[in-house]
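> Sequence and predicted structure are below.
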Amino acid sequence: MASRTRRPRPPARGRDGSRRRRVPMRLALPALVLVALMAMLMLRGFVHSEILADHRVGEPGSKTAVPSEVLKGGPVIDTRGSAPTSLHVPDRELVLTFDDGPDPVWTPKVLDVLKKYDAHAVFFVTGTMASRYPDLVERMVDEGHEVGLHTFNHPDLSLQSQSRIDWELSQNQLALAGAAGIRTSLFRPPYSSFARHMDDNSWPVTEYIGKKGYLTVLNDTDSEDWKRPGVEEIIRRATPENGKGAIVLMHDSGGDRSQTVAALDRFVSALQDDGYRFHTLTEALDFPSAHAPVTGLDLWKGKAWVYAVGASENTTGVLVVGLSVIGVLVFARFGLMLLLSIAHARRVRHRDFRWGVPVTEPVSVLVPAYNEAKCIEQTVRSLVASDHPIEVLVIDDGSTDGTARIVEDLGLPGVRVIRQLNGGKPAALNRGIANASYDIIVMMDGDTVFEPATVRELVQPFGDPRVGAVAGNAKVGNRDTLIGAWQHIEYVMGFNLDRRMYDMLQCMPTIPGAVGAFRRTALERVGGMSEDTLAEDTDITMAMHRDGWRVVYAENARAWTEAPESVQQLWSQRYRWSYGTMQAIWKHRRAIIERGPSGRFGRVGLPLVSLFMVLAPLLAPLIDVFLLYGLVFGPTEKTIGAWLVVLAVQALCATYAFYLDRERMTHLISLPLQQILYRQLMYVVLLQSWITALTGGRLRWQKLRRTGAVGLPGAGSGAAPSVEQRPVG
């Protein structure tokens with residue numbers, strides 16, 4: 001049966017027939033993730049009283065507007081009718097009330113004590129706590145207790161507008177609906193006390209609350225347990241005189257409530273023995289229940305609210321774990337880089353250090369070039385000036401700007417041009433390997449220039465027969481712009497310190513395309529340069545490790561390369577690098593379970609590369625997320641202090657890296673700004689690479705626009721700063 005070919009879907013068009021541009025999934029998903037993350041953090045700050053909270057408390061005022069019957073009356077104030085009334089709890093009736101909960105630690109203990117003595121109480125919950133711990137509110141209702149409102153964010157309502165009061169009540173009810181499927185008619189104002197303390201500021205609020213259908217519940221006795229005066233004192237203050245009924249004020253949240261729990265056990269036991277009954281407020285007053293079931297849309301809105309709050313709490317928990325992970329990774333990486341870089345520098349700089357017999361035989365230098373007309377002349381001339389015998393093979397990969405003709409017109413000795421149809425950088429390098437005359441092969445980019453001693457320094461490690469590849473010291477030549485300076489810091493600190501560390505651990509992940517050397521036999525054994533990934537330099541390096549070769553770092557083999565000069569070009573380059581690195585890790589994943597050199601690299605190198613080059617950069621922006629959140633909503637001083645500690649550690653590593661590379665420290669001035677802005681760009685690039693990989697997207701090579709502005713330091717042709725010009729040995 002013949003298969004049918006699916007026709008391509010025509011592009012979507014608008015009403016006017018024009019083609020509509022769709023946002024790529026790899027861009028839409030990061031934006032959605034960012035919006036969702038910010039929404040979760042804002043919601044978390046909202047339910048933790050860090051956003052919209054008002055912690056002001058008003059001063060006591062006069063009492064001229066408060067009716068005398070209220071000032072002299074009971075703790076239950078009913079302003080729902082035309083005239084206010086006050087109610088007392090009957091004698092030998094006690095209504096235990098607990099404010100500010102529910103609390104995940106103390107509320108269950110309070111409920112356990114009440115259940116032990118079959119006593120009921122009233123819990124005046126805040127919306128923030130009820131939203132976060134809905135299961136405790138549900139338990140209160142299921143065990144026969146009453147629940148009242150204590151506002152959402154616990155503000156002093158005498159300082160709030162009517163719209164804010166309405167919002168506090170409605171949000172509090174929404175949390176109750178989502179937690180237990182009820183609404184309540186009981187209300188206790190924050191910072192309230194006895195009825196006799198009602199003043200002209202709080203009385204209008206009480207009147208307004210009554211018009212909304214609520215009973216205002218104050219108290220007869222105040223245990224003042226929040227002061228933690230001791231169990232005996234809490235019991236004394238809570239106990240009414242002469243067998244009178246009372247509404248007792250206690251707290252099940254807001255701090256250490258161990259004294260409250262201990263006092264409650266003794267208090268309920270003793271007063272039950274004395275003939276007191278512990279009822280809810282409506283039971284004590286013989287009123288209908290204060291609870292009413294919530295159904296329909298209001299119920300679903302409440303449940304959706306509680307679910308969203310739970311999601312925000314879980315998200316924050318994951319972020320905190322992620323922050324802890326990145327903290328450990330950052331400090332572990334910096335610690336390893338410092339210790340191992342020091343060890344590496346001492347080893348290779350010791351006057352007795354030798355790789356082996358000095359390498360003096362000629363080498364082949366491969367320069368894959370695609371449309372490098374602006375910089376290829378400088379590249380080739382820098383090679384011809386090398387103090388080591390070389391042949392130069394420029395592999396023109398189908399250039400359309402006359403790159404090959406420029407090289408041929410130079411007529412330089414020892415330089416050959418090989419032309420081919422455009423097949424990509426791996427194909428060009430393999431073509432060069434096939435035409436190379438010598439056993440050691442140096443590879444570089446067409447936009448890079450070498451110092452005279454670069455090739456000589458780069459090939460000396462091959463005096464050790466175990467070495468299959470060598471990574472050189474790539475440097476940013478165009479560092480006179482802010483983006484260039486940031487990349488300069490990254491190259492010196494991130495790349496070169498990393499290479500020293502990986503050299504000592506014998507798991508170097510990448511030979512830079514700008515400056516690297518290979519033993520021909522090693523290349524042949526692993527099959528040459530592969531087109532399987534977009535990071536052929538990382539791919540070939542991992543293949544070298546798996547084949548048992550050593551890969552080392554030659555710090556004095558300096559090459560000056562042209563870094564991207566715009567955000568768009570930088571994005572394109574790092575997107576390819578990140579995606580290609582992920583491809584290489586996935587390609588060589590079986591090394592984890594293999595034996596011998598491959599297994600060693602798989603169980604040491606791959607985890608380190610995954611942690612430090614993929615996971616750590618992906619989680620690193622959490623530091624800045626929490627920095628921003630802490631600056632706006634949290635403890636500002638502690639937040640800034642923690643961030644400065646991280647920055648200080650980074651500055652220490654960067655300073656040492658610049659010292660090792662003999663770089664001027666002035667570029668480190670932009671380090672704080674790099675950490676704030678540049679890291680975010682790298683994060684988005686890495687996130688986009690993850691999404692491309694997870695969604696099965698494909699990424700192709702993207703040619704960066706070159707300016708040809710980079711030359712040798714001190715040569716007058718480039719933007720690279722001068723460094724010490726000395727014989728490299």
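All right, it came through fine. Numbers count the residues shown, from 1 in each chain.
> In this structure, where is pLDDT below threshold?
Scanning the chain for pLDDT under 70 picks out 1-27, 29-30, 620-621, 634, 693-729.
> Which residue of it lies farthest from its centroid?
Most distant from the centre of the chain: Asn242, at 61.1 Å, with distances by CA atoms, centre = their mean.
> any idea how far Met250 is from that residue?
Going from Asn242 to Met250 by CB to CB, to the nearest Å gives 21 Å. Placement of C-beta: from N, CA and C, glycine included.
> any chance you could map the helices in the stretch 301-450 of the chain?
Counting by DSSP state H, counting those that start in this stretch, one finds helices in the stretch 301-450 of the chain at the ranges 376-384, 403-410, 425-435.
> These into TSV, with extra columns for distance to Val320?
Below are the helices of the stretch 301-450 of the chain laid out as TSV (distance: least, CB to CB, whole Å):
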stretch	distance to Val320
helix 376-384	49
helix 403-410	53
helix 425-435	43
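> Which strands and helices lie in contact with the strand or helix carrying Ser163?
Ser163 belongs to helix 162-180 when assigned by DSSP states H and E. Packing contacts for helix 162-180, counted by 3 or more CB pairs under 8 Å, 6 or more residues apart in numbering; DSSP states H and E, involve strand 121-125, helix 127-132, helix 134-142, strand 146-149, strand 182-184, helix 203-211, helix 296-349.
> Kindly calculate the angle that it makes with helix 296-349.
90 degrees (axes from the mean of the first three to the mean of the last three CA atoms, to 10 degrees).
> next one: helix 162-180 to chain centre, how far?
Helix 162-180 has its C-alpha centroid displaced from the chain centroid by 33 Å (CA atoms, centre = their mean, to the nearest Å).
> follow-up on the earlier one: among the helices and strands packed on helix 162-180, single out whichever gets nearest to Thr79.
helix 203-211 (2.7 Å; CB to CB).
> got a list of contacts for that closest one?
Helix 203-211 has contacts (CB atoms under 8 Å, 6 or more residues apart in numbering) with 65-66, 70, 77-80, 84, 157-158, 162, 165, 169, 187, 189, 198, 216.
> that older thread, OK, contacts around the residue farthest from the centre of the chain?
Per CB under 8 Å, 6+ apart, neighbours of Asn242: none.
> So it belongs to a helix, correct?
No: using DSSP: H, G, I helix; E, B strand; the rest coil, the secondary structure at Asn242 is coil, not a helix.
> Turn the helices and strands packed on helix 162-180 into CSV, columns for distance to Thr454 and mean neighbour count.
Converted to CSV, the helices and strands packed on helix 162-180 look like this (distance: least, CB to CB, whole Å; neighbours: other CB atoms under 10 Å):
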stretch, distance to Thr454, mean neighbour count
strand 121-125, 72, 28
helix 127-132, 61, 27
helix 134-142, 67, 19
strand 146-149, 75, 26
strand 182-184, 77, 21
helix 203-211, 79, 18
helix 296-349, 16, 16
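> Of these, which is nearest Ile51?
Between Ile51 and these, the shortest gap by CB to CB is with helix 127-132, which sits at 10.6 Å.
> Centre of the chain to that closest one, how far?
Chain-centre distance of helix 127-132: 26 Å, with CA atoms, centre = their mean.
> Need the CA coordinates for that helix. PDB is fine.
Backbone C-alpha positions of helix 127-132 (Å, rounded to 0.1, in the frame of the first residue of the first chain) are rendered in PDB as follows:
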ATOM      1  CA  GLY A 127      -6.700  35.100  55.000                       C
ATOM      2  CA  THR A 128      -3.000  34.800  54.400                       C
ATOM      3  CA  MET A 129      -2.600  31.900  56.800                       C
ATOM      4  CA  ALA A 130      -5.900  30.200  55.800                       C
ATOM      5  CA  SER A 131      -4.800  30.400  52.200                       C
ATOM      6  CA  ARG A 132      -1.500  28.700  53.000                       C
END
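> Now tell me what touches that helix from outside.
With contact meaning CB under 8 Å, 6+ apart, helix 127-132 is reached by 46-49, 100-103, 137, 149, 151-154, 168, 171-172, 174-176, 178-179, 253, 305-306, 309-310, 313.
> and if we set it to 6 Å?
Val47, Ser49, Gly101, Pro102, Val137, Phe152, Gln171, Asn172, Ala175, Ala179, Val309 (CB atoms under 6 Å, 6 or more residues apart in numbering).
> next one: stretch 134-146
By CB under 6 Å, 6+ apart, the surrounding residues in contact with stretch 134-146 are 102, 107, 120-123, 130, 147, 179-180, 280, 290, 306.
> Restrict that stretch to CA atoms and write it as CSV.
The C-alpha coordinates for stretch 134-146 follow below in CSV (Å, rounded to 0.1, in the frame of the first residue of the first chain):
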residue,chain,number,x,y,z
PRO,A,134,-6.4,25.2,54.2
ASP,A,135,-6.3,21.7,55.7
LEU,A,136,-6.1,23.2,59.2
VAL,A,137,-9.2,25.4,58.5
GLU,A,138,-11.0,22.3,57.3
ARG,A,139,-10.0,20.4,60.4
MET,A,140,-11.4,23.2,62.6
VAL,A,141,-14.7,23.0,60.9
ASP,A,142,-14.9,19.2,60.9
GLU,A,143,-14.1,19.1,64.6
GLY,A,144,-17.0,21.4,65.5
HIS,A,145,-15.2,24.7,66.0
GLU,A,146,-16.2,28.1,64.6
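> Is Pro102 in contact with Tyr133, as I believe?
Yes: between Pro102 and Tyr133 there is a contact under CB atoms under 6 Å: 4.8 Å.
> Which one's more surrounded, these two?
Using other CB atoms under 10 Å, the more surrounded residue of Pro102 and Tyr133 is Pro102, with 29 against 24.
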